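Trainee: structure, please.
(one chain, ligands or ions: 1)
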Amino acid sequence: MNIQNPTKIVILGGGTSGWMSATALAVMLGAQVDVTLVESEDIGIIGVGEATLPHLRHFVETLGIDEADFMRATHATYKLGIDFRDFGKIGDSYIHPFGSFGDALAGVPFHHYWLAAQKNIGDVGSIGDYSMGVAAALANKFAPPASDNSLASTYGYAYQFDATLFGPFMRDFATAKGVKRVEGRVNNVQTNPENGNVETLILESGNQISGDIFIDCSGFRSMLLGQTLGAEWEDWSHWLPCDRAVAVPCTAENENEIEPYTRAIAMPAGWRWRIPLQHRIGNGYVYASQYLSDDEAKNALINAIEGKPLAEPKLLKFKAGRRKKSFIKNVIGVGLSSGFLEPLESTSIYLAQMAITNFIELFPKNGVIQQFDRDAFNQLVDMEYDRIRDFLILHYHATTRDDTPFWDHVRTMEIPHSLSEKMELWRQSGHVSKYSQGLFYEPSWVAVYLGQNIYPTGFDPRTEIGNQDGLFRALHSLKNAISKQVNNMPSHRAYLHNHAKRLADIE
Ligand SMILES: Cc1cc2nc3c(=O)[nH]c(=O)nc-3n(C[C@H](O)[C@H](O)[C@H](O)COP(=O)(O)OP(=O)(O)OC[C@H]3O[C@@H](n4cnc5c(N)ncnc54)[C@H](O)[C@@H]3O)c2cc1C
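Mentor: Take a look at the predicted model:
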């Protein structure tokens, strides 16, 4: 540990990625690093990004942040999953939960038994009937999952929060841990003429900030990674054509309930999100500008929201893709500066968290970065992006919708080979490609495949060895046990209310 001579890390950007990175570096590397963050209030932050994944809980906990403090400060609610509507076909609805469907038996995943039962017994209900996460979400219930191996431990949760409040909350936490904050716009970047490393950021004020390692959290500008070091962009818009969003918060009309889940509702040229927070609802229409004008998108969103708009609609432009490398020389891109995948599965904040924690895990003791550190980091980032990309494309491609040019295009487009292989495996055998690392394990793929009506023709033959009456009884008893458990849970609003002093300031 080199505490005498800490590695000087400079973060450019004070959005969600910048402050998450600053906090993680300060807490996890402590006196080994000296962290300075530069941000410009004039430029501002993206300020959307309200739905998250359960991994954020682990991040918050590891950093020693009190969940109740954080939830109160960001008006957060709990999220048990995402409710997808009208994706497979108009009228469809399914929940992708954070949790499992049933239990594996004799090494065979539960969904194979469910498939066997559908074939041999008849209609045994939807796969969602066998998931605590789905059942609790549909009933608007919430209680923290148990930590034993009981049924009550088979789901997880994430947060939905006001993204404009998350960065400032993390900023206060990071600065209390010793991160230095500099306000001002960076106009120039000085690199070393011999090795090409970034050396100094030059601010409009003339102030200069030098460092050993730079974290680029400058958002879509990608000022260090993209602009200065020329990191190449890999464009994925031919698979994910949505390139704009219009966002508007509104009042919550149903005062009785706060849904413990995010909604993603398919629209003629994309989809719209609906995210319930403690005091309001976040809404946005993510669309492909080649099929819809900004005004049409704005009107469609305003007509679709249930409450009164609380701000002017905000237009955001983006492209799906990523930098071919996120770690070049002494610069690491975290967040939007390294890539963007639309928020259909709320993955951006996860990607920022993954990047900074991987960097910290690879951080060499003496702070001197080697090429193998960069290669290892870039491989991890590529793997995460590629897999999330495939998972997102599945939501569009697995549809029978041909009612608009957008849906007809995504239904018929060519997809990456890595996804067509996975889909073929599923179709033939009911098996899901297994990963040992990364996001979206088997239950997530099962939720989306079945939710979007791709039923495999085969399944694990071991499910047909036992007697089918026994299988029917086991399914029936699991379904009953889930309903009983969910009936005993408080409503989401009641849970937030009963913990009001700690979690919320709602009535
Ligand atoms: C439509 C939409 C919806 C989204 N929804 C979700 C979601 O539900 N869940 C999710 O996980 N993610 C979501 N995201 C992604 C999420 O918004 C981002 O991952 C998150 O905000 C992180 O952004 P960032 O910190 O990388 O960049 P930004 O928020 O853009 O921050 C960039 C920072 O860099 C600073 N900066 C830039 N240039 C300079 C300069 N020259 N000098 C000084 N400072 C500079 C800015 O001032 C700012 O502080 C969504 C994104 C979009 C576009």
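
Trainee: CA atoms for contacts and neighbours, from now on please.
Mentor: Noted.

Trainee: residues of this protein that sit close to the ligand?
Mentor: Proximity of the chain to the ligand, by CA under 6 Å from any ligand atom, involves residues 12-18, 38-41, 43-52, 184-187, 217-219, 245, 316, 335-337, 343, 346-349.

Trainee: and these, which are buried?
Mentor: When the residues of the chain next to the ligand are checked for burial by 16 or more other CA atoms under 10 Å, the buried set is 12-18, 38-40, 45, 48-52, 184-186, 217-219, 245, 335-337, 343, 346-349.

Trainee: does residue 217 touch residue 13 like I think?
Mentor: Yes - the criterion here is CA atoms under 8 Å, and residue 217 meets it with residue 13 at 4.7 Å.

Trainee: and the closest residue to residue 180 other than its chain neighbours, what are its phi and psi?
Mentor: Excluding the flanking residues, the one nearest residue 180 by CA to CA, 6 or more residues apart in numbering is residue 36, at 4.6 Å. Dihedral pair for residue 36: phi -120, psi 140, per degrees, to the nearest 10.

Trainee: coming back round to it: among the buried ones among the residues of the chain next to the ligand, name the ones in helices.
Mentor: Judged by DSSP state H, the subset of those located in helices is 16-18, 348-349.

Trainee: the residue nearest to residue 180 - how many residues pack around it?
Mentor: Neighbour count for residue 36, taken as other CA atoms under 10 Å: 21.

Trainee: and what of residue 339?
Mentor: Per other CA under 10 Å, the neighbour tally for residue 339 reads 27.

Trainee: across the sheet, point out what pairs with it.
Mentor: residue 322 (DSSP bridges).

Trainee: mind listing what it touches?
Mentor: 220, 320-323 (CA atoms under 8 Å, 6 or more residues apart in numbering).

Trainee: if we use 7 Å, what do you get?
Mentor: 321-323 (CA atoms under 7 Å, 6 or more residues apart in numbering).

Trainee: okay, now the domains of this structure?
Mentor: Domain assignment for the chain, taken from the TED database, gives 7-78+161-236+320-386, 99-155+416-501, 244-317.

Trainee: same list, the ones you listed, but as TSV with mean pLDDT please.
Mentor: Output for these, formatted as TSV (pLDDT from 0 to 100):
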stretch	mean pLDDT
domain 7-78+161-236+320-386	95
domain 99-155+416-501	91
domain 244-317	95
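
Trainee: can I get those in CSV with distance to residue 92?
Mentor: Formatted as CSV, those follow (distance: least, CA to CA, whole Å):
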stretch, distance to residue 92
domain 7-78+161-236+320-386, 17
domain 99-155+416-501, 8
domain 244-317, 10
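
Trainee: among those, which comes closest to residue 85?
Mentor: With CA to CA as the criterion, residue 85 lies closest to domain 244-317 of these, at 4.7 Å.

Trainee: I'd like the distance from the closest one to the chain centre, please.
Mentor: 18 Å (CA atoms, centre = their mean, to the nearest Å).

Trainee: ok, stretch 88-98 next?
Mentor: Going by CA atoms, centre = their mean, where stretch 88-98 is centred and where its chain is centred differ by 18 Å.

Trainee: what's that stretch in contact with?
Mentor: 80-86, 133-134, 155-157, 398-401, 444, 447-448, 451-453.

Trainee: against residue 22, how distant is the residue nearest to residue 180?
Mentor: From residue 36 across to residue 22, the span is 8 Å (CA to CA, to the nearest Å).

Trainee: what of residue 365?
Mentor: The separation that residue 365 has from residue 22, given CA to CA, amounts to 19 Å.

Trainee: so for these two, which sits in the more crowded spot?
Mentor: A direct count of neighbours by other CA under 10 Å for residue 365 and residue 22 places residue 22 higher, at 29 against 12.

Trainee: next, that one: secondary structure please.
Mentor: Under the three-state scheme (DSSP: H, G, I helix; E, B strand; the rest coil), residue 22 adopts helix.

Trainee: and residue 114, by the same measure?
Mentor: Looking at residue 114 with three-state DSSP, the answer is helix.

Trainee: mind jotting down where the helices sit in the stretch 251-400 of the chain?
Mentor: With DSSP state H, counting those that start in this stretch, the ranges of helices along the stretch 251-400 of the chain come out as 294-304, 348-362, 371-397.

Trainee: now do the buried residues in the longest one.
Mentor: Across helix 371-397, burial judged by 16+ other CA under 10 Å covers 374, 377-378, 381-382, 384-385, 387-397.

Trainee: next: stretch 408-415.
Mentor: Quick answer for stretch 408-415 (16+ other CA under 10 Å): 408-411, 415.

Trainee: rewinding a little: which residues do residue 36 and residue 22 both contact?
Mentor: Jointly contacting residue 36 and residue 22 under the rule CA under 7 Å, 6+ apart are residue 179.

Trainee: which helix or strand contains residue 28?
Mentor: Taking DSSP states H and E as the criterion, residue 28 maps to helix 16-29.

Trainee: contacts for that helix?
Mentor: Contacts of helix 16-29 (CA under 7 Å, 6+ apart): 11, 35, 63, 166-167, 170-171, 173-174, 177, 179, 217, 334-335, 352, 356.

Trainee: before we move on, what about stretch 150-165?
Mentor: For stretch 150-165, contacts defined as CA under 7 Å, 6+ apart pick out 47-54, 56-57, 74-80, 98-100, 132-133, 145-147, 275, 277.

Trainee: of those, buried ones?
Mentor: Neighbour-count burial (16+ other CA under 10 Å) applied to these gives 48-54, 56-57, 74-80, 98-100, 132-133, 145, 275, 277.

Trainee: buried among the contacts of stretch 88-98? Make that a ChimeraX selection.
Mentor: Command for ChimeraX that selects the buried part of these, burial taken from 16+ other CA under 10 Å:
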select :80,81,82,83,84,85,86,133,134,155,156,157,398,399,400,401,444,447,448,451,452,453
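
Trainee: and what about residue 247, helix, strand or coil?
Mentor: The three-state label given to residue 247 by three-state DSSP is strand.

Trainee: skipping adjacent residues, who's closest to it in space?
Mentor: Once flanking residues are discounted, residue 247 sits nearest to residue 284: 4.0 Å by CA to CA, 6+ apart.

Trainee: the residue in the stretch 351-500 of the chain that the ligand sits nearest to - how many residues pack around it?
Mentor: Going by CA to the nearest ligand atom, the ligand is nearest to residue 352 of the stretch 351-500 of the chain, at 6.8 Å. Neighbourhood size, residue 352 [other CA under 10 Å]: 25.

Trainee: against residue 203, how distant is the spatially most central residue of the chain?
Mentor: For the chain, the residue lying nearest the average C-alpha position, counting by CA atoms, centre = their mean, turns out to be residue 347 (2.2 Å). Relative to residue 203, residue 347 is positioned 32 Å away (CA to CA).

Trainee: likewise for residue 143?
Mentor: 48 Å.

Trainee: residue 157 too?
Mentor: Taking CA to CA as the measure, residue 157 falls 41 Å from residue 203.

Trainee: what of residue 386?
Mentor: 36 Å.

Trainee: repeat for residue 248
Mentor: 33 Å.

Trainee: over to residue 134?
Mentor: In terms of CA to CA, residue 134 sits 50 Å off from residue 203.

Trainee: same check on residue 276?
Mentor: 39 Å.

Trainee: who has more neighbours out of the two?
Mentor: Neighbour count, other CA under 10 Å: between residue 276 and residue 203, residue 276 has more, with 31 against 19.

Trainee: just checking, the more buried one touches residue 283?
Mentor: No - judged on CA atoms under 7 Å, residue 276 makes no contact with residue 283 at a distance of 8.9 Å.

Trainee: ok, residue 159 - how many residues close by?
Mentor: Going by other CA under 10 Å, the residues that sit close to residue 159 add up to 26.

Trainee: what does the pLDDT read for it?
Mentor: Looking at residue 159, its pLDDT reads 96.
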